[in-house]
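Trainee: Model the structure of this input:
(one chain, ligands or ions: 1)
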Amino acid sequence: MSNPSAHIVIGITGGIAAYKTLSLIRLLKKAGHEVKVVATRHAMDFVTPLTLQTLSQNKVCTDLFEPTQNFEVEHVALAEWADMMVVAPASANIIGKFANGIADDMLSTLFLAFSKPVFLAPAMNKNMWVNPAVQHNIGILKDRNCHILAPASGFLACGTDGEGRMQEPEDIFQKLFEKSPFSTAWNGKKVLVTAGPTYEPIDPVRFVGNYSSGLMGMQLAQKLAEQGAKVTLVCGPTHLSVNHCNIIRVNVSTADEMLRACLAAAPESELIIMAAAVADYTPALFETEKIKKTDSVLNLSLKKTVDILATLGMQRAEKQCIVGFALETENEIDNARKKLQNKNIDIIVLNSLRNEGAGFQCKTNQVTIMDKNGKVQQGTLKGKEKVADDIIHYIADYLKITTPPLP
Ligand code: CTP
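Mentor: Numbers count the residues shown, from 1 in each chain. All right, here's what the predicted structure looks like:
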């Protein structure tokens, strides 16, 4: 099942916030949408056509009267092609033109020919924004059903503080798809993802741990965040980083800390994915001083940790979907199926250490995904980024929701 990808025309006017529009284009492309850019002459003082063309993977329209392009046809064709139009940043000048029906360049001409949803993200000096002429024009455009993504307060390029900053690309992205037919199924959904190993301390300088890098869980968190989900990523010790405004990262070290972080986030999560390699055993005693090298054999006494996944499965909220991982070396399918049942979860992702290039410390993985309805999907060896796509699609199918096409 897949959502249609939207055709989006992005208008850019001359303003320093134009640099942020580059991130917006990236977000849209990564979510599987088609983007074409129309940039005004002044926009090109801030961003180059080559950058825009490279990011949008489409030719950039720059001016209505450029001799090499047939824009009289082009603006009508673009108006027909696009499902929505986003102008970011929208200067006071373009807002004035749009409100008053002036069509003296490509962007204002396109606007007049455009009959589908239009979003404007104004950016300007705070005095300009509150100027009655600008506010009057904004009022006119609102009455004509343009969506105004009102500027935020903050530090402005002119060196002052106040209302006039263009909204952040991630916020604009989110608003474009709220309740729209192109909204991704994950938009606004609350998701808990765990990743990485846990370290169980023996004494102040040693721990019991495992080789998990955290990459699989992080890819899942990143992909879901890019599709609009609000992700809490509970992460064991790893040097890897994720960077997305939809991800709240909670760093933990031990299984017990991970348990507490998960219990805090789980009640409001619609989807839980436990990709972490949680230690099954932790030292029964923590030595407060470094253990000295005295005896030839050192016996460590370990006690079982709480099974976080099983705990969440026992106290699952209604309509919550829980996904676990299973790492097996023998009787893989049978063992994974038992874990699926015993832990009372919906889906299990089976990693077999028998497959070369799969599992810990690898950039690739090969998984079999199974659910409680008996479905089994065998995967091939691929990069963990692609495996994350497969897992997310499997979950979407299980939940019978639609998602953007696989890249
Ligand atoms: N898990 C957990 N808490 C633990 C141990 C494991 O939440 N204390 C979760 C893992 O995050 C994973 C799933 O349980 O999603 C299965 O982990 P795995 O190590 O394959 O299985 P275990 O249940 O630990 O059983 P065993 O090690 O005996 O195979």
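
Trainee: for the protein, which spans come out with low pLDDT?
Mentor: 1-4, 64-73, 158, 179, 181, 183, 402-407 (pLDDT under 70).

Trainee: Residues of it that sit close to the ligand?
Mentor: Residues of the chain lying close to the ligand by Cβ under 6 Å from any ligand atom are 255, 274, 276, 278, 280, 305, 307-309, 324-327, 339. All C-beta spots, glycine's among them, are computed from the backbone N, C-alpha and C.

Trainee: and with 8 Å instead?
Mentor: Neighbours of the ligand within the chain, by Cβ under 8 Å from any ligand atom: 194, 255, 258-259, 262, 274-280, 304-312, 323-328, 335, 339, 343, 348, 351.

Trainee: out of these, which are buried?
Mentor: Buried members of those, counted by 16 or more other Cβ atoms under 10 Å: 194, 255, 258-259, 262, 274-279, 305, 307-309, 312, 323-328, 335, 339, 343, 348, 351.

Trainee: Tell me which of the residues you listed fall in helices.
Mentor: When DSSP state H defines the helices, the subset of those inside them is 255, 258-259, 262, 308-309, 312, 335, 339.

Trainee: Need those residues in JSON lines (columns: distance to Asp143).
Mentor: JSON lines is the format used below for those (distance: Cβ to Cβ, whole Å):
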{"residue": "Ala255", "distance to Asp143": "58"}
{"residue": "Met258", "distance to Asp143": "52"}
{"residue": "Leu259", "distance to Asp143": "54"}
{"residue": "Cys262", "distance to Asp143": "48"}
{"residue": "Ile308", "distance to Asp143": "53"}
{"residue": "Leu309", "distance to Asp143": "53"}
{"residue": "Leu312", "distance to Asp143": "49"}
{"residue": "Asn335", "distance to Asp143": "63"}
{"residue": "Lys339", "distance to Asp143": "58"}
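
Trainee: just curious, which of those residues is nearest to Thr40?
Mentor: Cys262 (49.4 Å; Cβ to Cβ).

Trainee: give me every residue that touches that closest one.
Mentor: By Cβ atoms under 8 Å, 6 or more residues apart in numbering, the contact set of Cys262 is 192, 194, 234, 272, 274, 308, 312.

Trainee: now swap in Ala92 and tell me
Mentor: Here Ala92 is in contact with 122, 124, 128-129, 131, 134 (criterion: Cβ under 8 Å, 6+ apart).

Trainee: and the gap between Cys321 and Glu170?
Mentor: To Glu170, Cys321 is 25 Å away according to Cβ to Cβ, to the nearest Å.

Trainee: related to what we said a few turns ago, can you add secondary structure and neighbour count and give the contacts of Ala92 back as CSV?
Mentor: Converted to CSV, the contacts of Ala92 look like this (DSSP: H, G, I helix; E, B strand; the rest coil; neighbours: other Cβ atoms under 10 Å):
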residue, secondary structure, neighbour count
Pro122, strand, 28
Met124, coil, 26
Met128, helix, 17
Trp129, helix, 21
Asn131, coil, 14
Val134, helix, 20
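
Trainee: and Thr282, backbone torsions?
Mentor: Thr282 adopts backbone torsions of phi -130, psi 150, taken as degrees, to the nearest 10.

Trainee: give me every residue that touches the nearest residue to it once chain neighbours are set aside.
Mentor: Nearest residue to Thr282 in three dimensions, chain neighbours excluded: Glu200, at 3.9 Å (Cβ to Cβ, 6 or more residues apart in numbering). Applying Cβ under 8 Å, 6+ apart to Glu200 gives the contacts 207-209, 254-255, 279, 281-283, 305.

Trainee: ok, so of these, who is nearest the ligand?
Mentor: Within the contacts of Glu200, the smallest distance to the ligand is 4.3 Å, found for Thr305 (Cβ to the nearest ligand atom).

Trainee: residues in contact with the closest one?
Mentor: Contacts of Thr305 by Cβ under 8 Å, 6+ apart are 198, 200, 255-256, 259, 278-282.

Trainee: gap between the residue lying closest to it once chain neighbours are set aside and Thr194?
Mentor: Nearest residue to Thr305, sequence neighbours excluded (Cβ to Cβ, 6+ apart): Ala255, at 3.9 Å. For Ala255, the distance to Thr194 (Cβ to Cβ) stands at 11 Å.

Trainee: which residues do those two both contact?
Mentor: The contact sets of Ala255 and Thr194 overlap at 278, 308 (Cβ under 8 Å, 6+ apart).

Trainee: how does this protein divide into domains?
Mentor: The record's domain parsing of the chain by automatic domain parsing lists 7-176, 190-288+297-399.

Trainee: Which one of those lies nearest to Thr184?
Mentor: Smallest distance to Thr184 across the domains of the chain (Cβ to Cβ): 4.3 Å, for domain 190-288+297-399.

Trainee: Looking at strand pairing, list the partners for the residue in the stretch 101-250 of the chain that the ligand sits nearest to.
Mentor: Relative to the ligand, the nearest point of the stretch 101-250 of the chain is Thr194 (6.3 Å; Cβ to the nearest ligand atom). Note on Thr194: beta-bridge partners by DSSP bridges are Val234, Met274.

Trainee: doesn't Gly217 make contact with it?
Mentor: Yes - contact between Thr194 and Gly217 holds when scored by Cβ atoms under 8 Å: they sit 6.0 Å apart.

Trainee: Mutual contacts of those two, please.
Mentor: By Cβ under 8 Å, 6+ apart, the residues touching both Thr194 and Gly217 are 233, 235, 273, 275-276.

Trainee: what's the burial count for Leu112?
Mentor: Residues lying near Leu112 (other Cβ atoms under 10 Å) number 14.

Trainee: the helices in the protein, which residues?
Mentor: According to DSSP H, the chain carries its helices in the segments 18-30, 49-56, 71-81, 92-100, 106-113, 126-130, 132-143, 169-177, 215-226, 255-265, 308-314, 332-342, 384-399.

Trainee: Buried deepest among the ones you listed, which one?
Mentor: helix 215-226 (a mean of 25; mean count of other Cβ atoms under 10 Å).

Trainee: Give me the contacts around that one.
Mentor: The contact list for helix 215-226, computed with Cβ under 8 Å, 6+ apart, reads 27, 30-31, 186, 189, 191, 193-196, 231, 233, 235, 238, 240, 242, 244-247, 273, 275-276, 325, 363, 365, 384-385, 387-389, 391-392.
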